[in-house]
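Undergrad: Based on what follows, work out the 3D shape:
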Amino acid sequence: MNNLFDFAEACLHQADIETKLALTAEAWQLYQQGDLQFEAISPPKDISCVVFPARPELLAPRFMKRRKLGTPEGVQAFYHSLAHIEFVAIYLAWDILYRFRGLPVAFYQDWLQVAQEEAIHFHLIRTHLRQLGMDYGDLPAHQGLWEHAQETAEDVLARLVMIPRCMEARGLDVTPGMIDKIRSLNDEDGVAILTRILNDEQQHVQFGSKWFNYQCRLQQLDPDAAFKSMILKYFKNAKPKGPFNTEMRLQAGFTSNELAWLASP
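TA: Sure, this is the predicted structure:
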């Protein structure tokens, strides 16, 4: 197998975690060697065909127990939650390049890089979680992460707003504070992992901004207006809540107008 879309289909439509990680690494290696093909041969399957592992049990966010970092169980739950976010992020990266066809090769190269880095993030966190006496899947996880992908499966512009420029951008806002909390627990390995994730995620959001602006030019849309309309549509006339990491968001391609609108009452 040496076609990007075949790798994407294999990763999205089978449940085994180790196979998924191995396929992602293999696709990245082939790309680095110049041996990966980017010509789509068959159309994508419907997003309802995407398969997740049997564990963890996926629950609505309101049913998730809240645990504080001050206890060993709270630390385990924190890293389990983080592992789940990064695991679903592998799916999100593979799905955006699998589902939307006819775009420049650079689009697919960028999201393959994201898939590879999310897989590394997941491996790092899962290894750390195992050192704490727990594995991914031992606790329930929330199912809300994938819902935005399902909602935007027919609209690449909406997908770019809701995933990299909303969900992933939220990581830029909250991860610095998470790093401070983990540092206060003298968990230097955890600090290093979260710092790596934060630095990578900034580029992932930047990719989202780059291709969002590309789509706006292609569709002859005003980017500020398109961003606002998509946020209000998928947040049911609401907005993400701050505070926002203005510096990192600007570096990741947000405009001052977008940030001023997000921060406004």
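Undergrad: most centrally placed residue in this protein?
TA: residue 89 (3.4 Å; CA atoms, centre = their mean).
Undergrad: part of a helix, is it?
TA: Yes: per DSSP: H, G, I helix; E, B strand; the rest coil, residue 89 lies within a helix segment.
Undergrad: ok, and the closest non-adjacent residue to it?
TA: residue 118 (4.1 Å; CB to CB, 6 or more residues apart in numbering). Heads up, the C-betas are built off the backbone N, CA and C, glycines and all.
Undergrad: on contacts alone, who are the packing partners of the longest helix belonging to the chain?
TA: Secondary structure of the chain per DSSP state H: the longest helix is helix 188-218. With contacts taken as 3 or more CB pairs under 8 Å, 6 or more residues apart in numbering; DSSP states H and E, helix 188-218 sits against helix 105-131, helix 156-162, helix 169-184, helix 223-234, helix 246-251.
Undergrad: got the contact list for the shortest one?
TA: The set of residues that contact helix 246-251 without belonging to it, under CB atoms under 8 Å, 6 or more residues apart in numbering, is 169, 172, 173, 202, 205, 206, 256, 259.
Undergrad: quick one: the first one and residue 112, what's the gap?
TA: Meaning residue 169. 21 Å (CB to CB, to the nearest Å).
Undergrad: more neighbours, these two?
TA: Neighbour count, other CB atoms under 10 Å: between residue 169 and residue 112, residue 169 has more, with 26 against 23.
Undergrad: Quick check: chain neighbours aside, which residue is closest to that one?
TA: Distance criterion CB to CB, 6+ apart; nearest residue to residue 169, sequence neighbours excluded, is residue 205 at 5.0 Å.
Undergrad: give me the number of residues near that neighbour?
TA: Residue 205, neighbours per other CB under 10 Å, totals 26.
Undergrad: got the contact list for it?
TA: 164, 165, 168, 169, 172, 249, 252, 253.
Undergrad: if you set the cut-off to 7 Å instead, what comes out?
TA: 164, 165, 168, 169, 172, 252, 253 (CB atoms under 7 Å, 6 or more residues apart in numbering).
Undergrad: can you check residue 145 too?
TA: Residue 145 makes contacts with 85, 88, as judged by CB under 7 Å, 6+ apart.
Undergrad: can we see that at 8 Å?
TA: Taking CB under 8 Å, 6+ apart, we find residue 145 in contact with 84, 85, 88, 92, 167.
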